[in-house]
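Enquirer: here's my sequence, what's the structure:
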Amino acid sequence: MTNLFVISTSLCIFAYVIPSVIKYIVGWFFSESREEQNVRKEILRLEQEMSNIPMVDEFARYTKIQRKHTKLRENFKNQVAARMSARAKTQLFFTYSARVFNGLVMVIMMKLYRSEPVMILPKGVLWPLDKILSWPSTYEDSISLAMWTAITTLVSKTT
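Expert: This is a model prediction of the structure:
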């Protein structure tokens, strides 16, 4: 009975904590690479160089640097977009995989332990709600797995 309580509570909390954990881990794996950092530094260097060149006096040099800057900036935007797209896809895949796994485990537990109470309380503690909270279990003054899952899910959502 204590194992059922711990496992069911953990699974309900897991459902709401895991997306944040997955987001953090995926963000760490898909962080900006050294190459992207170097390209960003090069873009800033070119912008600074362009601001120091008088456009009227050295137009050819200015436009050459500007073309290089534009090309570098486009490549950088494409790299970042590809990285962010891969990050989003990976995050969605792992988040939904975890939710499906969690759902399957909960369905299996509901099927196997539907008549088992998660906790049995002293007589009369749950008086007005004792029949509702013990459904589908046959034990009096108990909380069934289905009701405990509903309560834990509700508390997890509001917290």
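
Enquirer: for the rest of this, base every contact and every neighbour count on C-alpha atoms.
Expert: Will do.

Enquirer: and the gap between the residue of the chain positioned farthest from its centre and Pro128?
Expert: In the chain, the residue that sits farthest from the middle, by C-alpha atoms, centre = their mean, is Asp57; the gap is 53.9 Å. As judged by C-alpha to C-alpha, to the nearest Å, Asp57 and Pro128 stand 89 Å apart.

Enquirer: residue ranges with poor pLDDT in this protein?
Expert: 1-2 (pLDDT under 70).

Enquirer: who's in contact with the residue nearest the centre of it?
Expert: Nearest to the mean C-alpha position of the chain, counting by C-alpha atoms, centre = their mean, stands Pro19 at 2.4 Å. Pro19 sits next to Thr95 when contact means C-alpha atoms under 8 Å, 6 or more residues apart in numbering.

Enquirer: one more pass at 10 Å, please.
Expert: Residues in contact with Pro19 (C-alpha atoms under 10 Å, 6 or more residues apart in numbering) are Ile25, Gln91, Leu92, Phe94, Thr95, Tyr96, Ala98, Arg99.

Enquirer: re the thing from before, angles on the backbone of the residue farthest from the centre of the chain, please.
Expert: Backbone torsions of Asp57, given as degrees, to the nearest 10, read phi -80, psi -40.

Enquirer: quick check: it vs Phe101, distance?
Expert: Relative to Phe101, Asp57 is positioned 66 Å away (C-alpha to C-alpha).

Enquirer: and what of Arg114?
Expert: Using C-alpha to C-alpha, Arg114 is found at 19 Å from Phe101.

Enquirer: who has more neighbours, those two?
Expert: Comparing Arg114 with Phe101 by other C-alpha atoms under 10 Å, the one with more neighbours is Arg114, at 17 against 13.

Enquirer: and that one, what does it touch?
Expert: Ile108, Trp135, Pro136, Ser137, Thr138, Ser144, Leu145, Ala146.

Enquirer: ok, 8 Å please
Expert: Pro136, Ser137, Ser144, Leu145, Ala146.

Enquirer: same check, this time on Tyr139
Expert: Pro117, Ile120.

Enquirer: could you look up the SS state of it?
Expert: Three-state assignment for Tyr139 (DSSP: H, G, I helix; E, B strand; the rest coil): coil.
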